[in-house]
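>>> Fold the stuff below for me.
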Amino acid sequence: MRQTLAFLFLSHLLAGCAGAGGGASTVAPADSAHLHAVAREHQGDAPVASPATRAAHAEVAAERVTYGTADARALQGYLARPVEGDGHSAVIVIHEWWGLNENMEAMTRRLAAEGYTALAVDLFGGTVARQPEEARDLVAAVSGDPEAATRNLQQAVSYLRGRGAERVGTIGWCFGGGWSLRAALAMPERVDAAVIYYGQLVTDTEALRPLQAPVLGLFGAEDRAPAVAQVREFEAALRSLGKGVSVHVYEGAGHAFANPSGRNYQPAAAEDAWQRTTEFLARHLSR
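Numbering: from 1, shown residues only. Below you'll find the predicted structure:
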């Protein structure tokens, strides 16, 4: 049911876990070692909805929508858009390993308040994890069938284009961050910008060659999934190919530094990352 609301939204970005692979490109899905490393980073965490701490300056409309089908099932997501706006710029929001929960819905509304039509997709078929072990199993299932996840994201892009979006970006946190990159690789002609928050990376230059979208990567220096060495390898590979890439590593920050409900939350780093995100999206998605 459509709701038009002046809302309060989360003060900082919300994040998740575990990378996964993408279909049409030659990228491999999340490997077991990476998945277990991410699970260790989130040991003891739970997806607690964080309190809203900042009032929005824009009114948005939000609703549950069907954006495609898979095996005769409806693909349902969460759509938010500014009440006043032309809808020409859109962002696909890809959830962390907990699934499409209240935190991701709040993040989607926050992006809408920045002027974007924002669609939070669901790669878990409606399931939301409550414990790290459950989230790990959900990520492993997606990793086992990356083509299905890629088709899911392709339909999300088509849905937004069908609503009049002229430019579409992707953004995701950890599991979703990995898929933000993979969506851009799988749909180089259709994704115009990609934001990665500490997601699993691709470092093979041949796998990265199809990429056309500029990339913003935001990572913690203390993270082990991915570690800084891999982040720098990823950045170097993109630069060697002449791709547009901006990477920032936050000293003293670990995995999921932008997640207010997690043990590794770093408010200053999270706020700076959000500012970089909004500037990047405005630069590459504005007409």
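>>> can you map out the helices along this structure?
Along the chain, counting by DSSP state H, helices occupy 32-41, 102-113, 132-144, 146-162, 175-186, 205-208, 228-240, 267-285.
>>> counting contacts, what elements does the second one pack onto?
For helix 102-113, the contact count by 3 or more Cβ pairs under 8 Å, 6 or more residues apart in numbering; DSSP states H and E identifies strand 8-10, strand 60-70, strand 73-82, strand 89-94, strand 117-120 as packing neighbours. The C-beta positions use only the backbone N, C-alpha and C, and glycine is treated the same way.
>>> okay, those in CSV with mean pLDDT, distance to residue 130 and mean neighbour count next?
Compiled in CSV, the helices and strands packed on helix 102-113 are given as follows (pLDDT from 0 to 100; distance: least, Cβ to Cβ, whole Å; neighbours: other Cβ atoms under 10 Å):
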stretch, mean pLDDT, distance to residue 130, mean neighbour count
strand 8-10, 29, 19, 19
strand 60-70, 97, 21, 17
strand 73-82, 98, 19, 20
strand 89-94, 99, 20, 30
strand 117-120, 98, 19, 28
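>>> mind putting those strands in TSV, distance to residue 188 included?
As requested, those are exported to TSV (distance: least, Cβ to Cβ, whole Å):
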stretch	distance to residue 188
strand 8-10	31
strand 60-70	20
strand 73-82	22
strand 89-94	15
strand 117-120	20
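>>> Which of those sits closest to residue 105?
Closest to residue 105 of these, according to Cβ to Cβ: strand 73-82, at 5.0 Å.
>>> and that closest one, which strands flank it?
Strand pairing for strand 73-82, determined by DSSP bridges: strand 60-70 (antiparallel), strand 117-120 (antiparallel).
>>> Need the CA coordinates for it. PDB is fine.
Provided in PDB are the C-alpha atoms of strand 73-82 (Å, rounded to 0.1, in the frame of the first residue of the first chain):
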ATOM      1  CA  ARG A  73       7.200 -16.300  -8.200                       C
ATOM      2  CA  ALA A  74       6.800 -12.600  -7.800                       C
ATOM      3  CA  LEU A  75      10.000 -10.700  -7.100                       C
ATOM      4  CA  GLN A  76       8.900  -8.200  -4.400                       C
ATOM      5  CA  GLY A  77      10.900  -5.200  -3.300                       C
ATOM      6  CA  TYR A  78      10.600  -1.900  -1.600                       C
ATOM      7  CA  LEU A  79      10.300   1.300  -3.700                       C
ATOM      8  CA  ALA A  80      10.800   4.800  -2.400                       C
ATOM      9  CA  ARG A  81      10.800   8.000  -4.400                       C
ATOM     10  CA  PRO A  82      10.700  11.700  -3.700                       C
END
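>>> Kindly calculate the angle that it makes with strand 89-94.
Counting by axes from the mean of the first three to the mean of the last three Cα atoms, to 10 degrees, strand 73-82 lies at 130 degrees to strand 89-94.
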